[in-house]
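Participant: Whatever this is, show me its structure:
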Amino acid sequence: MCAVPVPGFDRPLELILQVHRRIEHRCALMGRLVEHLAERGCDADARATAGHIVRFFDEDVARHHEDEELEFYDAVVAAAPAPDRARVAALVARLRSEHAELQSLWADALRPQLVAVQQGRVAWFGGSEIERCHSLYIEHTTRENDELLPLAEAFLTSAQLEQLGRGMAARRGRPYP
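Facilitator: Coordinates of the predicted model:
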């Protein structure tokens, strides 16, 4: 089996894109967990899968959102040429609002259910929250991938990309290449 290479912090835009793909995969995994629970109950595989999803969203997605909120978004807006800046700022405002909605959905609805499955306390997980999470993340990551990342590629200098990558590494306690 071939592992997909993970971009390094010296390629922060590729790293952002890769995290988006992983988010989409974990959302799909939540849907498969619902099916698994219905067919097999809250067995060891279900508990392990729920734990995997919780760790991913609590750790990787939280850091990813920090990367975007603390540095990436502002860097793209600041680097945008004056004629484009208002449009880019409006896009970033929308993306920040989507982050808040996604975080609320995770914290208030999905995480508590997944933790209960992880701990073997419930044998059911589901509801409209999973479909809503999946569709919101697909819309959000598509907007970032198709609209914001191309702007970042066009506007950010290599020095700004390095600064972004260094910040991403520092938030994870990892060395920059």
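
Participant: who's in contact with Arg132?
Facilitator: Residues near Arg132 by C-beta atoms under 8 Å, 6 or more residues apart in numbering: Leu105. Every residue, glycine included, has its C-beta placed from N, CA and C.

Participant: 6 Å - rerun?
Facilitator: Residues near Arg132 by C-beta atoms under 6 Å, 6 or more residues apart in numbering: none.

Participant: where's it relative to Trp106, distance?
Facilitator: 11 Å (C-beta to C-beta, to the nearest Å).

Participant: ditto for Thr142
Facilitator: Separation of Thr142 from Trp106 (C-beta to C-beta): 19 Å.

Participant: Please say which of these two ends up with more neighbours.
Facilitator: Trp106 (20 against 12; other C-beta atoms under 10 Å).

Participant: Once you drop chain neighbours, what's closest to that one?
Facilitator: What sits nearest to Trp106 in space, not counting adjacent residues and going by C-beta to C-beta, 6 or more residues apart in numbering, is Phe57, at 5.8 Å.

Participant: how far out from the middle of the chain is the longest helix seen in the chain?
Facilitator: Criterion DSSP state H: the longest helix present in the chain is helix 12-40. Computed by C-alpha atoms, centre = their mean, to the nearest Å, the chain-centroid distance of helix 12-40 equals 10 Å.

Participant: Any buried residues in that helix, and which?
Facilitator: Within helix 12-40, the residues that count as buried by 16 or more other C-beta atoms under 10 Å are 12-13, 15-20, 22-23, 26-27, 30, 33-34, 36-37.

Participant: just stretch 111-126 next, same as before
Facilitator: 113-114, 116-118, 122, 125.

Participant: so for that stretch, what's the average pLDDT?
Facilitator: Averaging pLDDT along stretch 111-126 gives 88.

Participant: where exactly do the strands run in the chain?
Facilitator: Counting by DSSP state E, the chain has no strands at all.

Participant: In it, what residue spans correspond to helices?
Facilitator: Secondary structure of the chain (DSSP H): helices at 12-40, 44-55, 62-67, 73-79, 82-105, 111-118, 128-143, 149-155, 158-171.

Participant: okay, those in JSON lines with distance to Pro177 next?
Facilitator: Formatted as JSON lines, those follow (distance: least, C-beta to C-beta, whole Å):
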{"stretch": "helix 12-40", "distance to Pro177": "11"}
{"stretch": "helix 44-55", "distance to Pro177": "25"}
{"stretch": "helix 62-67", "distance to Pro177": "16"}
{"stretch": "helix 73-79", "distance to Pro177": "19"}
{"stretch": "helix 82-105", "distance to Pro177": "27"}
{"stretch": "helix 111-118", "distance to Pro177": "33"}
{"stretch": "helix 128-143", "distance to Pro177": "25"}
{"stretch": "helix 149-155", "distance to Pro177": "19"}
{"stretch": "helix 158-171", "distance to Pro177": "8"}
